[in-house]
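Sequence plus predicted model, see below.
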Amino acid sequence: MSKLNVLIFGATGYIGNQLVKLLISHKNINIKYLCGNSSVGKKISYYEPKLKNKKLPRIIKFKKKYLKEIDIIFTALPNGEAQKISNLLLKNNTLIDLSADFRLKKANNYLKWYKIKHLSPINIKNSIYALPEIKKKNIKKSKIISCPGCYPTSILLPLIPLLKKGLISTKNIIIDSKSGYSGAGRGVHKKYAKKNLYESLSAYGVAYHRHNSEIQQELDLCSYQAVNFSFTPHLSPMFRGILSTIYVDLKKNKNINKIVSTLRTFYKKEKFIKIFKKNSLLSTNEVINTNNCYISVCNTKFKNKIIILSAIDNLIKGGAGQAIQNMNIKFNFNESKGLT
């Protein structure tokens, strides 16, 4: 089988680096172009020394003419940039975006949360919020694949099946998420220079973190009503990984055994989701450098309340790995290709 030609725009960031490292092992992919702005002319190994001995193109400035030779464009760019690329797409192009540009289904919500006017509202209709284990059938039909944020990935995977089945209350869901600092991008070191980033835990974006918008959108969609939740993210003194701790109320006559069995049934065919036995304790260490999501359901001192633990690697399952998983689904490759 001939290889698909890939262009990666934004390859020098943490997620972009991770994307390159995974794609070089994918036997159906040829990385034809690496594009950037301030990094033009440099080798990717300047940003990721582990790629030093790999045969990869130098970073060049993006040009529209490259799209004629390209099957897949991966964009790991600041918000607003993938919208511009989407307006240039040719029939042979599939766009897989790792920013928030096509995550929200209403342009006015994008303006509200990201303070940027959407430059391609018509393409919102051509895009899909591509959480692969949930939206698999529709991913195959989509020309613009929008990868979920890292926090939402860890939150939506355990909650969507339970809300769909009506097992938990839609009121007062409390979500406490802790992420490695790589989730904030390369600029995090300067931004938190005075906050002892490497030895302290910092809450941020309280009540108004941008990921609230996509979490709300997808939870409401699966439950057919407004879901009431509070979400607080934290930066943890580790490079990568996310652990989300989610507090929920059970519906009447439901118990922890029913919750665990429902999750296991829902994800029984999914290679990257593992549901642990009840009351198992999880750590991010168990999912680092994998495309896995580990989920555990725990009892509390209250009979009608449970705690759900969800762990992922923010750069892989919450970023580059999920993007490749979506690509594999779209092009009928083995879903785990390039990810094991």
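Thanks, I have it.

average pLDDT across the longest helix belonging to the chain?
In the chain, assigned by DSSP state H, the helix with the most residues is helix 150-164. For helix 150-164, mean pLDDT is 98.

Show me the strands in the chain, by range?
4-9, 29-35, 59-60, 72-75, 94-97, 127-129, 144-146, 173-180, 202-203, 229-236, 242-249, 273-275, 293-299, 305-312 (DSSP state E).

I'd like these as CSV, with distance to Lys330, mean neighbour count and mean pLDDT appended.
In short, each C-beta sits where N, CA and C put it, glycine included. Listed next are those as CSV, based on distance: least, C-beta to C-beta, whole Å; neighbours: other C-beta atoms under 10 Å; pLDDT from 0 to 100:
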stretch, distance to Lys330, mean neighbour count, mean pLDDT
strand 4-9, 10, 22, 97
strand 29-35, 13, 20, 97
strand 59-60, 26, 19, 96
strand 72-75, 8, 26, 98
strand 94-97, 6, 24, 98
strand 127-129, 10, 22, 97
strand 144-146, 7, 26, 98
strand 173-180, 27, 21, 97
strand 202-203, 37, 13, 90
strand 229-236, 29, 19, 96
strand 242-249, 25, 22, 98
strand 273-275, 19, 21, 98
strand 293-299, 20, 22, 98
strand 305-312, 21, 23, 98
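
got TSV for these, with distance to Leu219 too?
Below are the strands of the chain laid out as TSV (distance: least, C-beta to C-beta, whole Å):
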stretch	distance to Leu219
strand 4-9	31
strand 29-35	34
strand 59-60	39
strand 72-75	26
strand 94-97	22
strand 127-129	12
strand 144-146	17
strand 173-180	8
strand 202-203	22
strand 229-236	7
strand 242-249	11
strand 273-275	18
strand 293-299	16
strand 305-312	14
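
Out of the ones you listed, flag the one nearest Leu157.
strand 293-299 (5.2 Å; C-beta to C-beta).

Mind listing the strands the closest one pairs with, and their directions?
strand 273-275 (parallel), strand 305-312 (antiparallel) (DSSP bridges).

So, low pLDDT: which residues of the stretch 1-150 of the chain?
1 (pLDDT under 70).

Could you check how far the closest residue to Asn314 other than its chain neighbours is from Lys269?
Nearest non-adjacent residue to Asn314, counting by C-beta to C-beta, 6 or more residues apart in numbering: Cys150, 4.0 Å away. Plainly put, Cys150 is 24 Å away from Lys269 if you go by C-beta to C-beta, to the nearest Å.

Then Lys301?
35 Å.

got it, and Ser25?
24 Å.

how close does Gln217 sit to Ile295?
Taking C-beta to C-beta, one finds Gln217 at 21 Å from Ile295.

count of residues packed around the residue nearest to Asn314?
29 (other C-beta atoms under 10 Å).

Tell me who's in contact with it.
179, 183, 242, 312, 314-315, 318-319 (C-beta atoms under 8 Å, 6 or more residues apart in numbering).
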